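1. structure for this input, please:
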Amino acid sequence: MTITDRLADFAFRNVRDSAEDEYQEKILFQSLAVGHYTLPVTLLTVGAILAWAIPGKLSALSLLVAVPMLVDVQVTKSWLRDKAPGFKAIRSPLYYTLGLIAAVAMFAGIGYRVYAETGDFGPGFLVGAIIGIAAALIFIPRKLLRQRAADKARIEASLED
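-> Now for the predicted structure:
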């Protein structure tokens, strides 16, 4: 049993123990899904605030808000791997817009703070960040679709055995 499976067992047991019936259990699981989807925008917003609040080169520490998002994605993918295909890409322009605004604000804050301290690096950093964000918005949904198809094929092949 993997660490992710143990964590899942603990989490599921906690939700089931907290619920008095199946309806409450279902609602508790749905609330976790809501929290899962608020995490990226919330963390990027915190990163933007930190980028503008922390002076100079230290403002780059605001990029550490990506760590919980990456851990969340990895744990989710790890647990889901042999159980069901991965998530489809989110098709909400509002969701992407909110995340994009927060991400651009964070990178702008880092670029501004570093540029104000050193006199270089800022404008190029901001242009690079915008290009990187645009590339992510284009390529991540495509990768998710390919990964989902590969997950389906792998799971179907394991069921045939």
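2. in this structure, spot the helix with the most residues.
-> Ranked by residue count, the top helix of the chain under DSSP state H comes out as helix 122-160.
3. just checking, what packs against that helix?
-> Under the contact definition 3 or more C-beta pairs under 8 Å, 6 or more residues apart in numbering; DSSP states H and E, helix 122-160 sits against helix 93-118. Every residue, glycine included, has its C-beta placed from N, CA and C.
4. what packs against the helix it packs on?
-> By 3+ C-beta pairs under 8 Å, 6+ apart, helix 93-118 packs against helix 22-53, helix 122-160.
5. okay, the ones you listed in CSV with mean neighbour count next?
-> Output for those, formatted as CSV (neighbours: other C-beta atoms under 10 Å):
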stretch, mean neighbour count
helix 22-53, 15
helix 122-160, 13
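6. out of the ones you listed, nearest to Met106?
-> Minimum separation from Met106 across the helices and strands packed on helix 93-118 (C-beta to C-beta) falls at helix 22-53, 4.1 Å.
7. stretch 80-93 - what's its average pLDDT?
-> Stretch 80-93 shows a mean pLDDT of 78.
8. for it, buried residues please.
-> By neighbour count on 16 or more other C-beta atoms under 10 Å, the buried set for stretch 80-93 is 85-86.
9. touching it from outside, list them.
-> The contact list for stretch 80-93, computed with C-beta atoms under 8 Å, 6 or more residues apart in numbering, reads 37, 77, 96, 140-141, 144-145, 147-149, 151-152, 155, 158.
10. from the residues you listed, pick the one nearest Arg13.
-> Distances from Arg13 to the contacts of stretch 80-93, taken by C-beta to C-beta, are shortest for Lys77, at 21.8 Å.
11. check the gap between that closest one and Ile101 for me.
-> 26 Å (C-beta to C-beta, to the nearest Å).
12. low-scoring stretches of the protein, by residue?
-> Scanning the chain for pLDDT under 70 picks out the ranges 121-122, 161.
13. now for the contacts of stretch 80-93, which pair is the farthest apart?
-> Tyr96 and Ser158 (33.5 Å).
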